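*Asks:* no sequence on this one, just coordinates:
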């Protein structure tokens, strides 16, 4: 399911808009919100608004999270702007700095 927020940041939407996004997640299990470029701080802000963020032990996602924001970690092996399997990396760089 694709959702377009008309240029608004998912981290900042409120009220009925946020409720509609969360309802879609519960109904479909996953949604694709178009045109989002959330940095780590925005991701954490959103996480606090919709639940309680977890911080996994340091042995999880080694090298894939910002020490200043350990609740936010990179999952996957696609580089920023990836468009194909050629854009994958077996030793990904830390995305959140």
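*Replies:* Sure thing, it's come through. No experiment lies behind these values; they were computed from the predicted model shown.
*Asks:* switch to C-alpha atoms for all contacts and neighbour counts from now on
*Replies:* Will do.
*Asks:* Which secondary structure element is home to residue 22?
*Replies:* Residue 22 belongs to helix 15-28 when assigned by DSSP states H and E.
*Asks:* Looking at the next helix-or-strand element following that helix now, give me its mean pLDDT.
*Replies:* Tracing the chain C-terminally past helix 15-28 and defining elements by DSSP H and E, one meets strand 32-33 next. Averaged over strand 32-33, pLDDT sits at 88.
*Asks:* what angle separates the next helix-or-strand element following strand 32-33 from helix 15-28?
*Replies:* Per DSSP H and E, the first helix or strand lying C-terminal to strand 32-33 is helix 40-50. Angular relation of helix 40-50 and helix 15-28 on a 0 to 180 degree scale: 80 degrees, by axes from the mean of the first three to the mean of the last three CA atoms, to 10 degrees.
*Asks:* residues making contact with helix 40-50?
*Replies:* 10, 11, 12, 53, 69, 71, 72, 96 (CA atoms under 8 Å, 6 or more residues apart in numbering).
*Asks:* so how far is it off the chain centroid?
*Replies:* In this view, helix 40-50 has its centroid 9 Å away from the chain centroid, taken as CA atoms, centre = their mean, to the nearest Å.
*Asks:* Please apply the same query to stretch 63-73.
*Replies:* Centroid separation for stretch 63-73 versus its chain: 12 Å, with CA atoms, centre = their mean.
*Asks:* Quick check: buried residues in it?
*Replies:* For stretch 63-73, a neighbour-count test (16 or more other CA atoms under 10 Å) marks 63, 64, 65, 66, 70, 71, 72, 73 as buried.
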